[in-house]
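> How does the following fold in three dimensions:
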Amino acid sequence: MAANEDQEMELEALRSIYEGDLCFRELSPVSFQYRIGENGDPKAFLIEVSWPETYPQTAPVISMDAFFNNTISSAIKRSILDKLMVEVEANLGTAMTYTLFEYAKDNKELFMENQPVNTVTSVSNSIAIGTPDVPASKKKDKKEQLSKTQKRKLADKTDNKGELPRGWNWVDVIKVT
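Residues are numbered from 1 along each chain as shown. The predicted model follows:
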């Protein structure tokens, strides 16, 4: 079989296996992402696998450069990639994208054992200092709408610049004797 036929068969298999799986994402017909771990898990990571033209006879390109992985140290990323490359060498010549994703899922704890757990709450607390506790869904106050008559009366009281004339609020002080 040609490399393109193998790729088409693997693509069809991946689509059927991961249909409805929120962790799997097909970026293009030759590039895929898989999130290992739950969404809120601090030890979750994202693997991106791209197939070169001659895949599966040549190794796929495996990357962990996604923004999702910014909290993971570069040493841990390198370690995960090295372990995945050992799997790639063992499966060279066969369809291996599913195997790589499952290997990463099965060994997630082993991969991430030296990754420190970062707490996001400390960051959010420092940002929240000095800000009032106002719910985000609170609507803005609407500007008061004036009727046509109210606008006309206001225009009659003011000059052409919209300012009230000098002395409009003065009080007459008259002493009657």
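> What helix or strand is Phe32 located in?
strand 31-36 (DSSP states H and E).
> got the contact list for stretch 44-53?
For stretch 44-53, the external contacting residues (Cβ atoms under 8 Å, 6 or more residues apart in numbering) are 3, 7, 27, 30-38, 58-66, 68-69, 72, 80, 84, 97, 100-101, 104, 108, 111-112. Backbone N, C-alpha and C define where each C-beta goes, glycine included.
> in the chain, what secondary structure element scores lowest on mean pLDDT?
Of all helical and strand segments in the chain, the minimum by mean pLDDT, DSSP states H and E falls on helix 121-128, at a mean of 34.
> was I right about Met64 contacting Lys77?
Yes: contact criterion Cβ atoms under 8 Å: Met64 and Lys77 qualify, at 4.6 Å.
> what mean pLDDT would you report for stretch 71-89?
Stretch 71-89 carries an average pLDDT of 86.
> Put the alpha carbons of that stretch into CSV.
C-alpha atoms of stretch 71-89 as CSV (Å, rounded to 0.1, in the frame of the first residue of the first chain):
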residue,chain,number,x,y,z
THR,A,71,2.6,25.7,32.6
ILE,A,72,4.7,22.6,32.0
SER,A,73,8.4,22.9,32.4
SER,A,74,10.6,22.4,29.3
ALA,A,75,12.4,19.5,31.0
ILE,A,76,9.1,17.7,31.5
LYS,A,77,8.1,18.4,27.9
ARG,A,78,11.4,17.1,26.7
SER,A,79,11.1,13.9,28.8
ILE,A,80,7.5,13.2,27.4
LEU,A,81,8.7,13.8,23.9
ASP,A,82,11.7,11.4,24.4
LYS,A,83,9.5,8.7,25.8
LEU,A,84,7.0,9.1,22.9
MET,A,85,9.9,8.9,20.3
VAL,A,86,10.9,5.5,21.8
GLU,A,87,7.3,4.4,21.1
VAL,A,88,7.5,5.9,17.6
GLU,A,89,10.7,3.9,16.9
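> export the helix or strand that the strand holding Phe32 is followed by as CSV, just CAs?
Following strand 31-36 in sequence order, the next helix or strand is strand 45-50 (DSSP H and E). Output of strand 45-50 as CSV, limited to C-alpha atoms (Å, rounded to 0.1, in the frame of the first residue of the first chain):
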residue,chain,number,x,y,z
PHE,A,45,-1.1,18.3,28.7
LEU,A,46,-1.7,18.5,25.0
ILE,A,47,0.1,16.4,22.3
GLU,A,48,0.1,17.5,18.7
VAL,A,49,1.0,14.9,16.0
SER,A,50,1.5,15.8,12.4
